[in-house]
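[1] model this:
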Amino acid sequence: MYWKSFLRNQWERKGYHSYTGSDFYSQVGRRQGKGKEKRIHTDLCQKEGMVFRSKAIDNAIEKLLDSGKYTERKMLVLKNPYCMAPLTALILFNTEFPCSVHITLEGGELLNERTPVSTRHRIPVYGLRAGQQNQIHLEIWKEQNLYLEKEIMIETGALPKSLQGQVHVREKKKASASPFTMAFGGDTKYPYAFDEHGEVRYYIRQTIKSYGIYQVMAN
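    The predicted structure is shown next:
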């Protein structure tokens, strides 16, 4: 899979490279020596934890930013970067000068404000629509001047069958207070969020218990 993505990126010359989280993590594992013989042998079931995987991916992302390989002219787009949320992505690049970034999805804002001014950019993309090409409009602002605009296409797969037709809007009297509503627990297989039209715009590909999940809010 990785080589297919690599060759496609080299051929298309879009101004950005695109990989799936699983493609990216396969390379992270190789660089870390994943799969090599270990000193401790055990008959116990061994399973790689999500925390370890996320930390490994995060370290690899930081190293890429440190390398300066990706710039505003050649960005890196990671689809489902942590291999957990298929309707998300991460856009990575460095700039030689401090600037801020703003992105929109087909006319609707994904980030309410521009990102903080920096030369290192990790732009989270969430709320993608399932089973289609999502067009992201990215703007780079240098002080109060628009420096660069770029269109990025992010393709997503179809929703799991358990989430298809999950929400039906019977009546809508006014705009929602928040763009997404989170649903989890009970007989919900995957935690998910839907918009005011009832369309699932986010889900976590992880089976949960009936008591659901606990959301942690960072200040």
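[2] mind listing the strands for this protein?
    According to DSSP state E, the chain carries its strands in the segments 16-20, 75-79, 88-105, 108-109, 118-126, 133-142, 145-155, 181-183, 192-194, 200-203.
[3] Look up how far E155 lies from the most centrally placed residue in the chain.
    Central residue of the chain (CA atoms, centre = their mean): A89, 2.2 Å from the mean position. Note on A89: its distance to E155, by CB to CB, to the nearest Å, is 10 Å. For every residue, glycine as well, the C-beta is placed using N, CA and C.
[4] now swap in H137 and tell me
    Note on H137: its distance to E155, by CB to CB, is 16 Å.
[5] again, but for Y19
    Distance from Y19 to E155, counting by CB to CB: 12 Å.
[6] Can you work out which residues contact both of these two?
    K79 (CB atoms under 8 Å, 6 or more residues apart in numbering).
[7] Could you check which of the two has the larger neighbour count?
    Y19 (22 against 12; other CB atoms under 10 Å).
[8] what's across from the more buried one in the sheet?
    When assigned by DSSP bridges, Y19 has beta-bridge partners L78.
[9] is it true that it touches N80?
    No - contact between Y19 and N80 fails when scored by CB atoms under 8 Å: they sit 9.9 Å apart.
[10] Quick one: low-confidence residue ranges for the chain.
    Residue ranges of the chain with pLDDT under 70: 1-13, 29-48, 107, 209-219.
[11] mind running it again at 90?
    Applying pLDDT under 90 to the chain flags residues 1-57, 59-60, 64, 69, 83, 105-114, 143, 162-192, 195-198, 205-219.
[12] Check the offset of the lengthiest helix in it from the chain's centre.
    Taking DSSP state H as the criterion, the chain has its longest helix at helix 50-67. On the basis of CA atoms, centre = their mean, to the nearest Å, helix 50-67 sits 14 Å off its chain's mean C-alpha point.
[13] Does it pack against any helices or strands, and if so which?
    Other elements packing on helix 50-67 under the criterion 3 or more CB pairs under 8 Å, 6 or more residues apart in numbering; DSSP states H and E are helix 21-31, strand 88-105, strand 118-126.
[14] For burial, what's the neighbour tally of the nearest residue to G127 once chain neighbours are set aside?
    In space, and not counting its chain neighbours, G127 is closest to R201: 4.5 Å by CB to CB, 6 or more residues apart in numbering. Number of residues near R201 (other CB under 10 Å) recorded here: 20.
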